[in-house]
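J.: Starting from these lines, generate the structure:
(one chain, ligands or ions: 1)
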Amino acid sequence: MPLRLGDETPDFTAQTTQGQIRFREWKGDSWAILFSHPKDFTPVCTTELGAVAALKPEFDRRNTKVIGLSVDPVESHRRWEKDIEDVTGHAVNFPVIADPDRKVADLYDMIHPNASDTFTVRSAIIIGPDNRLKLTLTYPASTGRNFLELLRVLDSLQLTANYAVATPADWVDGDDVIVAASLSDDDARKKFPKGFTARKPYLRVTPQPNR
Ligand code: BEZ
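T.: Model prediction:
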């Protein structure tokens, strides 16, 4: 049964480039991103891990731990990390899970046999402080991910966790947000002192409340 949004995410123990971890213990009450790549020493994956390393300060700022995964062994990950730094200029500064027996990949449904029997797909999930699944993204091996999108989703998730709002299409941090449909106009006026504009009765926008 694949994991679905809102499901509790499973715990596991795994070998990583930074030693053995128990996932829940490592994650604590932070947010977390677990992302798989198909294979070490491959071109798109090399650019992806460098891109994540470059964005690590942005994930830290959002109280979010990042961890990679592939079915290659830990010695392979460690050798490959030298290439990643060489090519991208960014040393890999987060743990990468070695999952040769596919234990974690199977738990998180990261092998899609009709794409490949042997490699993990490019899966990225966001897990909340409550250990529940908040986002899943699945990309094919030939398409490198846009990790800025994961930052954008984190901004949206963290905003909506604290305020009765949703974020519109292409929203980025600082843009106006949508007042939750569950709030009456009177309650919305109380909650959002900057006021709101009703474009339709069901589409009311307000300046981002934490700005
Ligand atoms: C890549 O990272 O470039 C790649 C990995 C596995 C299959 C195809 C491409």
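
J.: Let me see the ranges of the helices in the protein.
T.: For the chain, applying DSSP state H gives helices covering 23-27, 43-61, 74-88, 103-107, 147-162, 185-191.

J.: Reformat those helices as a markdown table; add mean pLDDT and mean neighbour count.
T.: (C-beta placed from N, C-alpha, C; glycine too.) Putting these into a markdown table (pLDDT from 0 to 100; neighbours: other CB atoms under 10 Å) gives the following:
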| stretch | mean pLDDT | mean neighbour count |
| --- | --- | --- |
| helix 23-27 | 98 | 17 |
| helix 43-61 | 98 | 17 |
| helix 74-88 | 98 | 16 |
| helix 103-107 | 98 | 17 |
| helix 147-162 | 98 | 17 |
| helix 185-191 | 97 | 13 |
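
J.: Can you say which of those is nearest to Val96?
T.: Among these, helix 74-88 comes nearest to Val96, with 4.8 Å by CB to CB.

J.: just to revisit the earlier point, tell me which of the helices of the chain sits nearest to Arg122.
T.: helix 43-61 (7.6 Å).

J.: now the angle between helix 74-88 and that closest one, please.
T.: For helix 43-61 against helix 74-88, the angle by axes from the mean of the first three to the mean of the last three CA atoms, to 10 degrees is 90 degrees.

J.: which other helices and strands contact helix 43-61?
T.: strand 64-70, helix 74-88, helix 147-162 (3 or more CB pairs under 8 Å, 6 or more residues apart in numbering; DSSP states H and E).

J.: One more pass at 6 Å, please.
T.: Judged by 3 or more CB pairs under 6 Å, 6 or more residues apart in numbering; DSSP states H and E, helix 43-61 is in contact with helix 74-88, helix 147-162.

J.: I'd like the ones you listed as a markdown table, with distance to Asp130 appended.
T.: Output for the helices and strands packed on helix 43-61, formatted as a markdown table (distance: least, CB to CB, whole Å):
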| stretch | distance to Asp130 |
| --- | --- |
| helix 74-88 | 30 |
| helix 147-162 | 10 |
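
J.: Report the beta-bridge partner residues of the closest residue to Val153 other than its chain neighbours.
T.: Closest residue to Val153 apart from its sequence neighbours, by CB to CB, 6 or more residues apart in numbering: Leu135 at 5.5 Å. Beta-bridge partners of Leu135, counted by DSSP bridges, are Ile126.

J.: shift numbering so it begins at 35
T.: From this message on, residue numbering opens at 35, which makes the last subject Leu169.

J.: residues near Leu169, how many?
T.: Around Leu169 sit 17 other residues, with neighbours defined as other CB atoms under 10 Å.

J.: quick one: it from the ligand, how far?
T.: 22 Å (CB to the nearest ligand atom, to the nearest Å).

J.: Likewise for Tyr142?
T.: Applying CB to the nearest ligand atom, the value for Tyr142 to the ligand is 18 Å.
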